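Peer 1: next come a sequence and a model predicted from it.
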Amino acid sequence: GFRMGIVGLPNVGKSTLFNALTRTAAAQAANFPFCTIEPNVGEVAVPDARLDRLAAIAKSKQVVPTRMTFVDIAGLVKGASRGEGLGNQFLANIRECDAIAHVLRCFEDDDITHVDGRVDPVADAQTIETELMLADLESVERRLTNIVRKVRGGDKEAVQQERLLTAAQAALEQGRPARSVPVDDEDGKAWRMLQLLTAKPILYVCNVSEDDAATGNALTERVRQMAVAEGAAEVVISARIEEEIAQLPADEAAEFLAEMGLEEPGLDRLIRAGYALLGLQTYFTVGPKEARAWTIPAGTRAPQAAGVIHGDFERGFIRSETIAYDDFVALGGEAGAKEAGKMRVEGKGYEVKDGDVLHFLFNA
Ligand code: GDP
């Protein structure tokens, strides 16, 4: 599955947010047995109203949303990259994530100490980014040294790695993150394999006081501008509100949200923003037994999409029967869509679209 690592300086509200996420996961666990909760890992359902709609039309007995994993990566502080304190283990945890949710303190509260003595989310973002860049630079230099022999021996993979590592090194030495390096499609896979921390997409999570949850504030506006300039994503959330909502029954939660001037839980927005940031999309399998959502990167072709369900589906892929979400809904389900000629048969080259309702045919 896709993993989002939650980072941030101490006292910015990470634990509060993560607790809200895991409480939500715990509440979901009764319905969705796959939702696991570990001390620092929470797997939560991706909210998607389309899935409920499809399930209602097909009268599916079970509804199974797709999911996203959040990892609490606490303890990232100044000096982490030099192995001060517990730094290295935390950096290793970030490496395994697909994207980074960076929690920034955008609330004033004299009772809660800021590690640097002032509330400045943009400076905080730079503090963390600097640590990550230093960690990347060190790992890039180490790897460049380690592959010298292979490169001399003419190993093709090593030559490609050396070229990419050198490009990353140049950017990092100029104080730019690895994600600023332009990478060709052919190099995409090798680049991702380098697992550079500052190559991962960033979602800034502005943690605001309850009063600012619906509107944001001057600090979140500065973060928004930074995010726009960097091509990063940004959401405004009140971790304290989320913590409260996560403990309420659904009807009371809705009432509480309305009182706060919010349309939906911030966690829903956070999860969706993560999804968008990672370039993920959803397709559905729908039947009387089960309606289920599946996650794929945008641009995935039908056989690889089938492979998310089971490796055999990909290996033995023959074709997929495909109904667009809007057609499925407008025509009252599979039978109606078929009758109207809206069920397409697609082959191996088909690029799955967001919302497609798919049925795979394969050789067992
Ligand atoms: P972490 O160190 O980043 O995990 O931060 P915590 O989640 O432990 O939060 C640090 C302190 O800030 C706790 O006392 C929280 O209750 C408090 N806190 C978190 N969010 C907010 C907020 O939006 N407003 C205020 N006033 N306090 C908050």
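Peer 2: Received, thanks.
Peer 1: can the longest helix seen in the chain be found next to the ligand?
Peer 2: When the chain is parsed with DSSP state H, its longest helix is helix 121-146. No - Helix 121-146 does not reach the ligand (C-beta under 6 Å from any ligand atom); its nearest approach is 10.8 Å. The C-beta positions use only the backbone N, C-alpha and C, and glycine is treated the same way.
Peer 1: neighbouring contacts of the helix or strand following that helix?
Peer 2: Of the helices and strands lying after helix 121-146 in sequence (DSSP states H and E), the nearest is helix 148-152. If you take C-beta atoms under 8 Å, 6 or more residues apart in numbering as the criterion, helix 148-152 is touched by 157-159, 162.
Peer 1: same thing with stretch 133-141?
Peer 2: Outside stretch 133-141, the residues touching it (C-beta under 8 Å, 6+ apart) are 80-82, 91, 165, 168-169, 172-173, 175, 177-178, 196-199.
Peer 1: which of the residues you listed count as buried?
Peer 2: Neighbour counting over the contacts of stretch 133-141 (16 or more other C-beta atoms under 10 Å) leaves 80-81, 91, 165, 168-169, 172, 177-178, 196-199 as the buried ones.
Peer 1: residues of stretch 133-152 that come out buried?
Peer 2: Those buried within stretch 133-152 under the rule 16+ other C-beta under 10 Å are 133-137, 139-140, 144, 147, 151.
Peer 1: what's the pLDDT at the nearest residue to residue 238 once chain neighbours are set aside?
Peer 2: Leaving aside its sequence neighbours, residue 238 sits nearest to residue 213 (C-beta to C-beta, 6 or more residues apart in numbering; 3.9 Å). Residue 213 carries a pLDDT score of 93 in this model.
Peer 1: the one 3 residues further on now?
Peer 2: The pLDDT attached to residue 216 in the predicted structure is 95.
Peer 1: and the gap between it and residue 266?
Peer 2: 12 Å (C-beta to C-beta, to the nearest Å).
Peer 1: the more surrounded of the two?
Peer 2: residue 266 (25 against 17; other C-beta atoms under 10 Å).
Peer 1: ok so, going back, so who does the residue nearest to residue 238 touch?
Peer 2: Per C-beta under 8 Å, 6+ apart, neighbours of residue 213: 236-238, 241, 260-262, 266.
Peer 1: same deal with residue 291?
Peer 2: Counted by C-beta under 8 Å, 6+ apart, residue 291 has contacts 51, 54-55, 58, 60, 62-64, 284-285.
Peer 1: picking up where we left off before, overlap in contacts of residue 216 and residue 266?
Peer 2: residue 236.
Peer 1: looking at this, residue 166 is in a strand?
Peer 2: No - read with DSSP: H, G, I helix; E, B strand; the rest coil, residue 166 is helix and lies in no strand.
Peer 1: ok, it touching residue 144?
Peer 2: Yes - under the criterion of C-beta atoms under 8 Å, residue 166 makes contact with residue 144 at 7.1 Å.
Peer 1: what's the burial count for the residue lying closest to residue 317 once chain neighbours are set aside?
Peer 2: Counting by C-beta to C-beta, 6+ apart, residue 303 is the residue found nearest to residue 317 once chain neighbours are left out, at 4.0 Å. Burial measure for residue 303: 22 neighbouring residues, criterion other C-beta under 10 Å.
Peer 1: now residue 332
Peer 2: 13.
Peer 1: so it touches residue 58, yeah?
Peer 2: No - using C-beta under 8 Å, residue 332 is not in contact with residue 58, being 9.9 Å away.
Peer 1: ok so, going back, near the ligand, which of the contacts of residue 213 show up?
Peer 2: Within the contacts of residue 213, those near the ligand by C-beta under 6 Å from any ligand atom are residue 238.
Peer 1: looking at the contacts of residue 213, spot the one nearest the ligand.
Peer 2: Of all the contacts of residue 213, the ligand sits closest to residue 238, with 5.3 Å by C-beta to the nearest ligand atom.
Peer 1: so, low pLDDT: which residues of the protein?
Peer 2: 25-39, 74-89 (pLDDT under 70).
Peer 1: what residues does it put near the ligand?
Peer 2: 8, 10-16, 107, 109, 112, 207-209, 238-240.
Peer 1: selection in ChimeraX covering whichever of these are buried, please.
Peer 2: Filtering the residues of the chain next to the ligand down to the buried ones (16+ other C-beta under 10 Å) takes a single ChimeraX command:
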select :8,12,13,14,15,16,107,207,208,238,239,240
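Peer 1: before we move on, back to that, reformat the contacts of helix 148-152 as JSON lines; add secondary structure and neighbour count.
Peer 2: Output for those, formatted as JSON lines (DSSP: H, G, I helix; E, B strand; the rest coil; neighbours: other C-beta atoms under 10 Å):
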{"residue": "157", "secondary structure": "helix", "neighbour count": "12"}
{"residue": "158", "secondary structure": "helix", "neighbour count": "18"}
{"residue": "159", "secondary structure": "helix", "neighbour count": "14"}
{"residue": "162", "secondary structure": "helix", "neighbour count": "17"}
